[in-house]
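Asker: Give me the fold of what follows.
(2 chains)
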Amino acid sequence: MSFQEELLFDFSLHMPRILISGKTAVVDNVKKIVMVGSDEIIVDCGSRYLALYGMGLIVEQLEEERMLVNGNLTSIEFYGEKK
Amino acid sequence: MRSNGSFFAYTKVIRVEGFEQQKLLSQCLQKKIILRKIRFENNLSMTMEIRDQDWDAFLAIVKRRYRVTILRENGYKPLILRALHRKSTLVGVLLFLLILIYQASFISEIRVQGYERIEEATIRQALKEVGFYEGCNKNIDINEVKTQMFQKLDNISWIGIKYNGSMAEVTIVEGTKEIKPVDANTPVHVVASKDGYIEKVIAREGTVQVPKGAFVKKGDIVISGELLIVDKAYADRSEEELIRYVHANGEVKARILYRFHRYQDKYSLIKKHTGKHLYGFAIKFGSFEFNTAKWLWPYDASIYEEKTVGKFIRPIPCQFSIIKTSEVELYRQKRTDEEIKEMANLQIRRYQKEKIPENAQIINKSLKFEEKENIIEVTVMLHALEEIGSEKPIVKKIPEPNMQEAEGGMNPIGEPIN
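Answerer: Got it, this is the predicted structure:
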């Protein structure tokens, strides 16, 4: 990753950012929650949307633009480019 | 990022029921309200955990759009609050702590170590006599206990007292003072260890110096360890060369005279029960004592009887006793001669136990009673047959050099020097 790419990654505060490890997902830059349920969670990250699909999803923690999700994750989707 | 450490202090587990759950969560996100463990039960209901400090802000968002039910409260703050509301629990905890603190202020066990010749029971008894016993208060002056122990027990060179919790460890170091028996090869005299009249002397080695019936003082030689050798063949030798020193030994029996006075009351006190009595109780917690007899003492003269019903040291030193106070009438009665004689014999036996050796044989006893104002003086004379021989090493005197001979001398070839 070049220096320019790293800078863009760090400071892109309106882009969805997600870290998944096993049954836990850490979603950053959460601006708004669009839809919640035990099998899907859709969040607005500013310029794009992030959708998490799975079973028995639990929001372990919700704080300052960060969401910790636990459960059997099956898929992730990014969509809805905003201008 | 805000700290979420206060989730340990006080949190509420709530159920939120209503439409558009996502809106509520988004508003919480904007208001920086931290939420944990959000579980979606269905489209209309979810449970979550919220900190107490965010509770008011959360209610401001919720308004009347959602129905909020508090399921439970977690954290140490509600635990304390709950405990404070339960008075019986609070009293129990306080009582437990008090017992714990109170128990820690007493000695529950004493361990004695380091003793060799002195018996443990003797040490324990001495400790008890100076006020250091199992169940006594820890605030006792240790230095005072040590000082008194040195007075109580002979031949102690060091004593250490260390607390290990409520257990006291007493370490004794005995002195090295020991009566060493005189070596069998060392020349000794047998001397009298007491003043007395010689009854019998049997010399196994040495020569008898005193006849039967003679009075000897303490330190007088009874059997001498110096043997004079009369050698007719070499009779011209000096006297000094004819003395042989031996380890004298033998049996020395002497009649020892003991004379002492004892006093007795002329009258004896008669206590006659009136039939009236009063029961009470006494409770002793460590150094604190409550005795009903101290508060309620209705009789002028009475007999106090105490029977210990329960006594234990752990968890706290405690003793419970039943008390009986019986009223009596007191009479004075002149004691009979037989009673006086009986008492005198008892006094003699006590004296004998304290002062006269166990192996001594009492051969004569005389009592003289003399009435004084309110008392009777008893003069006792005892004759005891005792073994009084003790060994004393012979210290040979070094003769002073003859100055006249020393002045002259000889030269290496045997001529006198002028």
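Asker: ok, B:Asp220 to B:Gly213 distance?
Answerer: 14 Å (CB to CB, to the nearest Å). Quick note: C-beta positions are derived from backbone N, CA and C, even for glycine.
Asker: quick one: which of these two has more around it?
Answerer: B:Asp220 (16 against 9; other CB atoms under 10 Å in any protein chain shown).
Asker: need the contact list for that one.
Answerer: Neighbour list for B:Asp220: B:191-192, B:209-210 [criterion: CB atoms under 8 Å, 6 or more residues apart in numbering or on different chains].
Asker: Repeat the analysis, applying 6 Å as the threshold.
Answerer: B:Ala192 (CB atoms under 6 Å, 6 or more residues apart in numbering or on different chains).
Asker: what does the one 3 residues further on give?
Answerer: Listed by CB under 6 Å, 6+ apart, the contact set of B:Ile223 reads B:190, B:203, B:206, B:208, B:248, B:250.
Asker: Find the helix or strand that B:Leu385 is a member of.
Answerer: strand B:375-387 (DSSP states H and E).
Asker: State the distance from the residue most central in space within chain A to chain B.
Answerer: Compute the mean C-alpha point of chain A, and by CA atoms, centre = their mean the closest residue is A:Val27, 3.6 Å away. Separation of A:Val27 from chain B (CB to the nearest CB, to the nearest Å) stands at 12 Å.
Asker: Nearest spatial neighbour of the residue in the stretch 151-300 of chain B that chain A sits nearest to, chain-adjacent residues omitted?
Answerer: Nearest to chain A, among the residues of the stretch 151-300 of chain B, is B:Gly165, at 46.2 Å (CB to the nearest CB). The shortest distance from B:Gly165 to any non-neighbouring residue, by CB to CB, 6 or more residues apart in numbering or on different chains, is to B:Ala104 (7.6 Å).
Asker: Check what pLDDT the one you found gets.
Answerer: pLDDT for B:Ala104: 80.
Asker: Can you identify the element that follows the longest strand belonging to chain B toward the C-terminus?
Answerer: With secondary structure taken from DSSP state E, chain B has its longest strand at strand B:267-285. Using DSSP H and E, the helix or strand that follows strand B:267-285 in sequence is strand B:288-291.
Asker: quick one: strands adjacent to that next one?
Answerer: Strand pairing for strand B:288-291, using DSSP bridges, gives strand B:267-285 (antiparallel).
Asker: what's the average pLDDT for the strand it pairs with?
Answerer: Rounded mean pLDDT across strand B:267-285 is 87.
Asker: Which of the residues in it are classified as buried?
Answerer: Using 16 or more other CB atoms under 10 Å in any protein chain shown as the test for burial, strand B:267-285 gives B:278, B:280, B:282, B:284.
Asker: Give the full set of residues in contact with the third one.
Answerer: When contacts are counted by CB under 6 Å, 6+ apart, B:Ala282 is found next to B:291, B:321, B:323.
Asker: Also the first one?
Answerer: With contact set as CB under 6 Å, 6+ apart, B:Leu278 has these partners: B:Thr325.
Asker: so which strand or helix has B:Asn143?
Answerer: Short version: B:Asn143 belongs to helix B:142-152, going by DSSP H and E.
Asker: Show me what that helix is packed against.
Answerer: Contacts defined by 3 or more CB pairs under 6 Å, 6 or more residues apart in numbering or on different chains; DSSP states H and E place helix B:142-152 against strand B:156-164.
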